[in-house]
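Trainee: I would like to see how this sequence folds:
(one chain, ligands or ions: 1)
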Amino acid sequence: MKIITYGTFDLIHAGHIHLLRRAKAMGDHLTVGISTDEFNQEKKKQAYHSFEHRKLILESIRYVDFVIPEYSWEQKVSDIKKYNIDIFVMGDDWKGKFDNLQDYCGVIYLPRTNGISSSTIKQNAFLKNRQKF
Ligand code: C2G
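Mentor: Below is the predicted model:
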């Protein structure tokens with residue numbers, strides 16, 4: 001079974017890894033659409049690492065078999081067809097948002113890992129830095 005998921009995956013942390021591990025466990029091949037820097041602007045997300053850096057890190061994760069650029073909201077249907085995807089997986093902060101994909105493949109929302117996010121990491125790093133002075 002071929003699985004796909006999408007995201008920014010900035011400052012890779014345990015929440016991302018748990019998501020990728022569970023997604024891969026649903027099949028035997030995991031494709032990840034990683035948001036380009038331009039698409040992040042559309043998502044109003046400012047990633048710390050560049051697309052190339054985030055892609056390199058993602059490709060080094062044992063659960064990830066293939067990485068493609070995510071440059072729009074609309075590309076999912078064509079990706080699912082192009083890569084013969086059986087199941088689309090996202091964290092449940094997106095619950096319900098991609099149910100339209102059920103016409104093309106399975107759609108599964110997995111519980112997010114609580115207490116960790118790239119933005120929390122950035123905020124804590126900033127505060128720790130500020131305490132030094
Ligand atoms: N995630 C998680 N637990 C966390 C943080 C993130 O399970 N503590 C999951 C998210 O639910 C998502 C994936 O990890 O499924 C990637 O998270 P982000 O990089 O924040 O992705 P996002 O900005 O939500 O982009 O078209 C879909 C979008 O590109 C999703």
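Trainee: can you tell me which helix in the chain is longest?
Mentor: helix 118-131 (DSSP state H).
Trainee: same for it, what does it pack against?
Mentor: Of the remaining helices and strands, none touches helix 118-131 by 3 or more Cβ pairs under 8 Å, 6 or more residues apart in numbering; DSSP states H and E. Bear in mind the C-beta positions are built from the backbone N, C-alpha and C, glycine included.
Trainee: same thing but at 10 Å, please
Mentor: Counting contacts by 3 or more Cβ pairs under 10 Å, 6 or more residues apart in numbering; DSSP states H and E, helix 118-131 is packed against helix 14-25.
Trainee: Near the ligand, which residues of the chain are found?
Mentor: 5-9, 15-16, 19, 35, 43, 45, 70, 90-91, 93, 112-113, 116-117 (Cβ under 6 Å from any ligand atom).
Trainee: ok, of those residues, which come out buried?
Mentor: Neighbour counting by 16 or more other Cβ atoms under 10 Å classes 5-9, 15-16, 19, 35, 70, 90-91, 112-113, 117 among the residues of the chain next to the ligand as buried.
Trainee: what's the lowest-pLDDT member of those?
Mentor: Among those, residue 117 has the lowest pLDDT, at 90.
Trainee: for it, what are its contacts?
Mentor: 10, 11, 13, 15, 16, 93, 123 (Cβ atoms under 10 Å, 6 or more residues apart in numbering).
Trainee: returning to that earlier point: can you pick out the most distant pair from the buried ones among the residues of the chain next to the ligand?
Mentor: 70 and 113 (20.9 Å; Cβ to Cβ).
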